[in-house]
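Visitor: Predicted model and sequence follow; I will ask about them next.
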Amino acid sequence: MHGRRKILVTGWFSFLHGEATAGDVLALDRVRAVLRSAGLDHDVVWSPGFRPDGRHFEDLDPAAYTHLVFVCGPVHGRQVEELHRRFAHCTRIAVGVSVVDPGAAAVTGFHRVLPRDAPGAEPAPDLAARAPALPARPVAGVILTHGQREYGDRRRHAEVAGAVTGWLAGQDCARLELETRLDTRDWRLCATPAHLEAVLARLDLVVTDRLHGLVLALRAGTPALAVDPVAGGAKVTAQARACGWPALIPAERVGAGVLEHWWRWCLTDGREAARRARAGFCAGLPDAADGLLDAVAGVLR
């Protein structure tokens, strides 16, 4: 070790079949901030399923470390016990963890446990609460359809959804999958249009290939990045034209470049454009219902 401390920071986010939760990763950020403030050299080990390009257990030499710090989550089970065996030469510390069974080998294997909760101890705030502040990220509602078989061989729904979701996965944003279908029995779905509108109004933008995804976003004053999933254009294109909405991509032109262009527009100039569209709806933009009474009167003559 050449007389220097080298710390390996681990947690459930490190195990092959573990999981990385937002709370775990924020707890890790809090621990790393403390170590950096003290000038302590440390590495983080990640699950290859979560960070394929990160440092993994199978790639590292345990002898390179003098200390092991286990962050967050419950200390129990075979995987934690294996850490004690593999890093037996290290000083091992658990921080911000839940202790379920103080006598378990996973717990007693640590030289020091700094719990967030443990039998007989006062609970401490979770480490995530004091993690360094994060920069704001846009929140995108995603409303896609895989149906509409009435369009026959003009359907490009699968290709459009694949292109859009594959591109969205690389965007630095929070994604919220939404559905325009209402259901009073399924808690995961909105039960009324007002419920859905309440969500849409709080988003930064909506990405959609649905007619009502476009219209309801604009009704809420939220910009919509719309893609028409029908070759040659169909009702989404027609509705964008009726609403005077420019952020529309034909199925034949879906790609990262054009998606990126309209994404940036929606988050800048599109905000004001969406507010103007909403104002137009509220002011009584003409629609088909305006001719309904004349149509009824004509049929009854």
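Guide: Looks like it came in fine. Since this is a predicted model, take the numbers as computed values, not measurements. Numbers count the residues shown, from 1 in each chain.

Visitor: Buried residues, the longest helix seen in the chain. List them.
Guide: Counting by DSSP state H, the longest helix found in the chain is helix 22-37. Neighbour counts over helix 22-37 (16 or more other C-beta atoms under 10 Å) mark 23-32, 35 as buried. Where you see a C-beta, it was placed from the backbone N, CA and C, and this is true even at glycine.

Visitor: Just give me how far it sits from the chain centre.
Guide: 20 Å (C-alpha atoms, centre = their mean, to the nearest Å).

Visitor: Show me what that helix is packed up against.
Guide: In terms of contacts (3 or more C-beta pairs under 8 Å, 6 or more residues apart in numbering; DSSP states H and E), helix 22-37 is packed against strand 7-11, strand 42-44, strand 67-71, strand 91-98.

Visitor: For the next helix or strand after the last one, give the mean pLDDT please.
Guide: Sequence order places helix 105-108 as the next helix or strand after strand 91-98, per DSSP states H and E. Average pLDDT, helix 105-108: 98.

Visitor: Could you pull out the buried residues of helix 105-108?
Guide: Quick answer for helix 105-108 (16+ other C-beta under 10 Å): 106-107.

Visitor: other SSEs contacting it?
Guide: Counting by 3+ C-beta pairs under 8 Å, 6+ apart, helix 105-108 packs on helix 78-86.

Visitor: If we use 10 Å, what do you get?
Guide: The contact analysis (3 or more C-beta pairs under 10 Å, 6 or more residues apart in numbering; DSSP states H and E) places helix 105-108 against helix 78-86, strand 91-98.

Visitor: Can you give me the end-to-end span of stretch 279-291?
Guide: 22 Å (C-alpha to C-alpha, to the nearest Å).

Visitor: For it, buried residues please.
Guide: Buried residues in stretch 279-291 (16+ other C-beta under 10 Å): none.

Visitor: roughly how far is it from the heart of the chain?
Guide: 36 Å.

Visitor: Please apply the same query to stretch 35-51.
Guide: 23 Å.

Visitor: before we move on, what about stretch 284-301?
Guide: The answer for stretch 284-301 is 45 Å, by C-alpha atoms, centre = their mean.

Visitor: Tell me how far Asp228 lies from Ala240.
Guide: Distance of Asp228 to Ala240, computed by C-beta to C-beta, to the nearest Å: 8 Å.

Visitor: Tell me the residues that contact both of the two, please.
Guide: 211, 214, 248-249 (C-beta atoms under 10 Å, 6 or more residues apart in numbering).

Visitor: More neighbours: which of Asp228 and Ala240?
Guide: Asp228 (26 against 22; other C-beta atoms under 10 Å).

Visitor: what about the nearest residue to the more buried one once chain neighbours are set aside, distance to Asp41?
Guide: Leaving aside its sequence neighbours, Asp228 sits nearest to Val236 (C-beta to C-beta, 6 or more residues apart in numbering; 4.1 Å). Distance of Val236 to Asp41, computed by C-beta to C-beta: 54 Å.

Visitor: burial count for the closest residue to Thr192 other than its chain neighbours?
Guide: Spatial nearest neighbour of Thr192, excluding adjacent residues (C-beta to C-beta, 6+ apart): Leu182 at 6.7 Å. The number of residues packed near Leu182 is 13, by other C-beta under 10 Å.

Visitor: low-confidence ranges in the stretch 1-150 of the chain?
Guide: 1-3 (pLDDT under 70).

Visitor: which one of the helices and strands packed on helix 22-37 lies closest to Leu168?
Guide: strand 42-44 (26.6 Å; C-beta to C-beta).

Visitor: mind listing the strands for the chain?
Guide: Taking DSSP state E, the strands of the chain run over residues 7-11, 42-44, 67-71, 91-98, 112-117, 139-143, 174-177, 205-208, 224-227, 248-249.

Visitor: tell me which strands and helices the fourth one is in contact with?
Guide: With contacts defined as 3+ C-beta pairs under 10 Å, 6+ apart, the secondary structure elements packing on strand 91-98 are strand 7-11, helix 22-37, strand 67-71, helix 78-86, helix 105-108, strand 112-117.

Visitor: can you give me the offset of the third one from its chain's centre?
Guide: Average the C-alpha atoms of strand 67-71, do the same for its chain, and the two points are 28 Å apart (C-alpha atoms, centre = their mean).

Visitor: wait, what's in contact with the residue lying closest to Glu177 once chain neighbours are set aside?
Guide: Once flanking residues are discounted, Glu177 sits nearest to Val142: 5.2 Å by C-beta to C-beta, 6+ apart. Contacts of Val142 were listed using C-beta under 10 Å, 6+ apart, and they are 161, 164-165, 168, 175-179, 203, 205-209, 213, 225.
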